[in-house]
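In: Fold the following, please.
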Amino acid sequence: MVTPANTPDRLLINHASSELRTLRDWLRFTVSYFNQADLFFGHGFATAYDEATHLILHTLHLAPDQLTLFLDARLTQIERDQIVQLILQRVTEKIPVAYLTHEAWLGDFSFYVDKRVIIPRSFIAELLQTRLAPWISQPEGIHTALDLCTGSGCLAILLAHAFENARIDAVDISPDALDVAQKNIERYDLVHVIRPIQSDLFSALAGQRYDVIISNPPYVNAASMATLPDEYHHEPNIALAGGQDGLKIIHNLLKEAANYLTENGLLIVEIGHNREVLEQSFPRIPFTWLETSGGDQFVFMLERKDLI
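Out: This next block holds a predicted model:
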C-alpha cells in the first residue's frame, strides 16, 4: 500500500527528507519516529534503535558491523526515497521490519523471510549454539534429526550446523512455508543435508526414526490470539494459533513422538507461556525444563522413555 501524499506521516517524512543528509541523521530521525509511533517490537528486534538500524543498513546494502564506519556518509536522493517508503510502511501498516527487508536473524545466521512464514524467533536457537549440551555429550553421534513445524527452515539449518553428521528432515504442513525453507536451504548449500517434507506433523514420516526432534509449533492460545498487536496479523495465522489452550499441536506431539524417536532420542519443544497449563494437563510426564535467556519455562525436553 502506498501512503497518500497528503497524510500527516507522509508530510512529516517529506519535510524531514529535505533536511536529513547523513546516515546518522536518518538513524536518529527513524529511532525517534518509531518511538513515538504505536509500534510493537518483538519480531527479532527488541527496540526502535535495533529496528531502525537494521532497516537503514539493509536498504543501503551495508553489513551490521559497518554502521560506525559510515555514520557520517551522505545518502543519495534515491536512497533517501527508499528509506522513506519503508519507514512509512512500518509505521502506517505495522509491517514488521523483517518482512520489509525480507531478512531475519537468529544469532549469527540470517534467513530470507516473507509473509508465507512466521518471522524466526526461538529459544531453541540458543540451545543449538551449544549443540544441546550437556544433554548430548557426543554431537558427532547424532545421525538423524527432525525439525517439526519448520517454517522458514531456520532451526533445521541450525540443526545441520550443530550436528554435522546428521541428515535433517524439515517438516511443515504449509507448501508455501516449504518454498521459503527451500530458498534458505539452498542459500546455505544444505540441499544434500536437509530434506523439506510437507506433512501434517508425523503423518508423512512413517518408518522414520530420529536421534533428535525439535519443534517450535503454534502455541498461542485463543485469548492471546484475540489481543495480539497488529504486527502479528501479518504473519500466517496457522503458524501462531495453538487452539483454545495453546496446546493443540503439543498434545499430538506428546502422543506420537515416541514412535519416531530412536531408543535414546530426545524431544525438545518450545511452548511459549504455557508451562503451567501443560504440567496440569500432563501431571505424570517428567518434563525437563531447559534454561534459556528468557528463563526455564519456555522449552521442555523429554527422552523417549519418558513418552512411552
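
In: which stretches of the stretch 51-200 of the chain form helices?
Out: Applying DSSP state H, counting those that start in this stretch to the stretch 51-200 of the chain gives helices spanning 67-70, 77-93, 97-101, 123-129, 154-162, 175-187.

In: Residue 10 touches residue 88, doesn't it?
Out: Yes - in this structure, residue 10 is within contact of residue 88 by CB atoms under 8 Å, at 6.6 Å. Yep, even glycine has a C-beta here, placed from its N, CA and C like the rest.

In: Who has more neighbours out of those two?
Out: Per other CB atoms under 10 Å, whichever of residue 10 and residue 88 has more neighbours is residue 88, with 19 against 16.

In: Tell me the confidence at that one?
Out: In this model, residue 88 is scored at 93, pLDDT.

In: Verify the stated contact: residue 232 with residue 240.
Out: Yes - the pair residue 232 / residue 240 is scored as a contact, 6.5 Å apart, by CB under 8 Å.

In: Mind checking which of the two has more residues around it?
Out: For residue 232 and residue 240, the more surrounded residue by other CB under 10 Å is residue 232, and the numbers stand at 21 against 18.

In: which stretches of this protein aren't confidently modelled?
Out: Along the chain, segments meeting pLDDT under 70 span 1-8.

In: Now do the strands in it.
Out: For the chain, the strands defined by DSSP state E cover 104-106, 109-111, 144-148, 167-172, 194-198, 210-215, 261-270, 288-289, 299-303.

In: For residue 25, which of those is the nearest?
Out: Closest to residue 25 of these, according to CB to CB: strand 104-106, at 25.2 Å.

In: Quick one: residues in contact with the closest one.
Out: Identification of contacts with strand 104-106 by CB atoms under 8 Å, 6 or more residues apart in numbering yields 43-44, 98, 110-111, 113, 119-122, 125, 152, 154, 158.

In: How about the contacts made by the residue nearest to residue 246 when sequence neighbours are not counted?
Out: Once flanking residues are discounted, residue 246 sits nearest to residue 221: 3.6 Å by CB to CB, 6 or more residues apart in numbering. With contact set as CB under 8 Å, 6+ apart, residue 221 has these partners: 242-246, 274.

In: Identify the farthest-apart pair in these.
Out: Greatest spatial distance in the contacts of residue 221: 244 and 274, 11.6 Å, computed using CB to CB.

In: the more surrounded of these two?
Out: Just comparing residue 244 and residue 274: by other CB under 10 Å the higher neighbour count belongs to residue 274, 21 against 11.

In: what residues does stretch 294-307 touch?
Out: Outside stretch 294-307, the residues touching it (CB under 8 Å, 6+ apart) are 123-124, 127, 135, 254, 257-258, 261-273, 275, 278, 285-290, 292.

In: returning to what we had before: now which of the contacts of strand 104-106 would you call buried?
Out: Neighbour counting with 16 or more other CB atoms under 10 Å marks 43-44, 98, 110-111, 113, 119-122, 125, 152, 154, 158 as buried within the contacts of strand 104-106.

In: Quick test: name the residue nearest the centre of the chain.
Out: Against the mean C-alpha coordinate of the chain, by CA atoms, centre = their mean, the closest residue is residue 120 at 0.9 Å.

In: Selecting buried members of the contacts of stretch 294-307 in PyMOL, what would you type?
Out: Buried residues among these (16+ other CB under 10 Å), as a PyMOL selection:
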select buried, resi 123+124+127+254+257+258+261+265+266+267+268+269+270+271+272+275+278+287+290+292
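
In: can you redo the contacts of residue 221 as JSON lines with distance to residue 78?
Out: Below are the contacts of residue 221 laid out as JSON lines (distance: CB to CB, whole Å):
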{"residue": "242", "distance to residue 78": "44"}
{"residue": "243", "distance to residue 78": "48"}
{"residue": "244", "distance to residue 78": "50"}
{"residue": "245", "distance to residue 78": "51"}
{"residue": "246", "distance to residue 78": "46"}
{"residue": "274", "distance to residue 78": "47"}
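
In: Looking at the residues you listed, which one is closest to residue 59?
Out: Closest approach to residue 59 among the contacts of residue 221 (CB to CB): residue 242, at 34.9 Å.

In: quick one, what contacts the closest one?
Out: Residues in contact with residue 242, defined by CB under 8 Å, 6+ apart, are 217-221, 248-250, 272, 274.

In: one more time with 6 Å, if that's ok
Out: 218-220, 248 (CB atoms under 6 Å, 6 or more residues apart in numbering).

In: In PyMOL, how would I select the buried members of the residues you listed?
Out: Entered in PyMOL, the line below selects the buried ones among the contacts of residue 242, by 16+ other CB under 10 Å:
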select buried, resi 218+219+220
